[in-house]
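K.L.:
Fold the stuff below for me.
(one chain, ligands or ions: 2)
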Amino acid sequence: MTTPVELRGAARWFGAGHTEVVALHPTDLSVEAGELLAVMGPSGSGKTTLLSLVGGLDRPSAGKVLVGGADVGALGSRDLAALRRRAVGYVFQDLNLLAGLTARENVSLPLELDGSPLATARAEAQAALESVGLADLGDRFPDDLSGGEQQRVAIARALVGGRRILLADEPTGALDSITGESVMRLMRAHCDRGGTAILVTHDAAHAAWADRVVFLRDGRAVDEARPAPSHEFARGRATGDGAVAGPSSGLGAA
Ligand SMILES: Nc1ncnc2c1ncn2[C@@H]1O[C@H](COP(=O)(O)OP(=O)(O)OP(=O)(O)O)[C@@H](O)[C@H]1O
Ligand SMILES: [Mg+2]
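P.N.:
Ligands and ions are numbered 1, 2, ... in the order given. Predicted structure coming up:
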């Protein structure tokens with residue numbers, strides 16, 4: 001099976017000469033189906049740069065970024081746009097919900113832009129809203145939703161239409177811990193259904209929901225950890241009973 005996300009010596013730099021900034025040094029990284037990867041690191045360490053490359057929002061300066069087997073750096077702009085609409089969902093830190101559209105319209109927008117008939121797009125949007133527990137709030141405008149509800153609309157929009165790769169840049173940043181945990185539960189459920197997700201976070205409690213944590217510093221992956229296996233039991237994955245109680249402690253060592 002094709003690896004959903006693969007970086008092969010992927011690097012990104014800005015400028016040239018003495019003003020050059022290397023945002024990401026050559027990096028190798030694979031993220032498998034079913035895997036939730038957390039990326040942690042100080043401000044300026046290259047987290048958003050890495051996520052933008054995987055999301056097809058940016059192209060590598062060197063090396064390759066393969067998404068679903070497609071070489072992002074080699075795709076033309078139409079194909080890149082199609083990849084972004086069909087395969088990869090991106091949750092931005094500031095969410096980017098459109099205030100003039102209802103929750104359902106926000107979620108159906110990517111499908112409508114992709115040429116889906118309106119009725120199909122709205123039905124898929126409703127299903128996506130249901131999957132994040134917002135079945136009854138589709139007619140509300142973003143300003144009439146709580147921060148956590150807005151966050152879930154943004155996740156529904158990222159997943160609508162069956163997109164398999166979910167990228168989230170600090171989606172829990174502005175949320176209280178309970179709401180942040182519900183966002184993590186959604187990301188975990190997406191991966192437990194066979195999806196793939198990369199989460200940028202500063203919060204070790206959220207990273208503990210991941211299968212693997214990569215630590216960036218100065219544009220380099222400097223360390224990797226796997227949250228303790230006891231969390232597998234805490235999530236109910238080992239018993240398959242679907243219980244998704246959160247991890248109770250911090251990160252375990254690799
Ligand atoms: N368009 C750009 N032009 C020049 N430098 C850039 C550009 N984008 C990012 N950088 C630089 O690349 C480095 C990595 O930036 P990046 O946004 O990936 O960091 P980050 O880890 O996401 O930080 P934060 O936690 O603050 O969001 C930083 O030094 C940043 O200033
Ligand atoms: Mg960032």
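
K.L.:
Now the residue sitting nearest the centre point of the chain. Its backbone dihedrals?
P.N.:
Nearest to the mean C-alpha position of the chain, by Cα atoms, centre = their mean, lies L167 at 1.7 Å. Main-chain torsions, L167, degrees, to the nearest 10: phi -120, psi 130.

K.L.:
Check A23 too.
P.N.:
Torsion angles at A23 (phi, psi; degrees, to the nearest 10) stand at phi -80, psi -30.

K.L.:
My understanding was that it contacts G46; is that so?
P.N.:
Yes: using Cβ atoms under 8 Å, A23 is in contact with G46, at 5.1 Å. Where you see a C-beta, it was placed from the backbone N, CA and C, and this is true even at glycine.

K.L.:
Check the contact lists of those two and give me the overlap.
P.N.:
Residues touching both A23 and G46 by Cβ atoms under 8 Å, 6 or more residues apart in numbering: R12, G219.

K.L.:
Quick check, pLDDT for the closest residue to ligand 1 within the stretch 51-200 of the chain.
P.N.:
Nearest to ligand 1 in the stretch 51-200 of the chain, going by Cβ to the nearest ligand atom, is V200, at a distance of 6.7 Å. V200 is assigned a predicted lDDT (pLDDT) of 95.

K.L.:
The stretch 51-200 of the chain: helices as residue ranges?
P.N.:
Remark: helices assigned in the stretch 51-200 of the chain by DSSP state H, counting those that start in this stretch are 77-86, 103-113, 118-131, 147-159, 177-192.

K.L.:
Just the C-alphas of the first one, formatted as CSV.
P.N.:
The reference is to helix 77-86. Only the C-alpha atoms of helix 77-86 are listed here, as CSV (Å, rounded to 0.1, in the frame of the first residue of the first chain):
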residue,chain,number,x,y,z
SER,A,77,-0.9,23.9,-9.8
ARG,A,78,-4.2,22.3,-11.0
ASP,A,79,-3.1,18.9,-9.7
LEU,A,80,-1.8,20.4,-6.5
ALA,A,81,-5.1,22.1,-6.0
ALA,A,82,-7.0,18.9,-6.6
LEU,A,83,-4.8,17.1,-4.1
ARG,A,84,-5.6,19.7,-1.5
ARG,A,85,-9.3,19.5,-2.2
ARG,A,86,-9.6,15.7,-2.3
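
K.L.:
what's in contact with it?
P.N.:
55-57, 67-68, 70, 72, 75, 90, 110, 113-114, 161, 163.

K.L.:
In strands, which of those appear?
P.N.:
Members of the contacts of helix 77-86 lying in strands (criterion: DSSP state E): V67, A70, Y90.

K.L.:
Relative to F215, how far out is the closest residue to the second one other than its chain neighbours?
P.N.:
Nearest residue to A70, sequence neighbours excluded (Cβ to Cβ, 6 or more residues apart in numbering): L83, at 6.2 Å. The span separating L83 from F215 equals 28 Å under the rule Cβ to Cβ, to the nearest Å.

K.L.:
The residue lying closest to G138 once chain neighbours are set aside: neighbour count?
P.N.:
Nearest non-adjacent residue to G138, counting by Cβ to Cβ, 6+ apart: R104, 3.5 Å away. R104: 22 surrounding residues under other Cβ atoms under 10 Å.

K.L.:
got a list of what R104 touches?
P.N.:
Contacts here follow Cβ under 8 Å, 6+ apart; on that basis R104 touches R122, A125, Q126, L129, G138, D139.

K.L.:
Then R122?
P.N.:
R104, S108 are the contacts of R122 under Cβ under 8 Å, 6+ apart.

K.L.:
ok so, going back, and A23 and G46? Which one has more around it.
P.N.:
Neighbours around A23 and G46, counted as other Cβ under 10 Å, are more numerous at G46. The numbers are 24 against 21.

K.L.:
Check the gap between the more buried one and D218 for me.
P.N.:
Separation of G46 from D218 (Cβ to Cβ): 8 Å.
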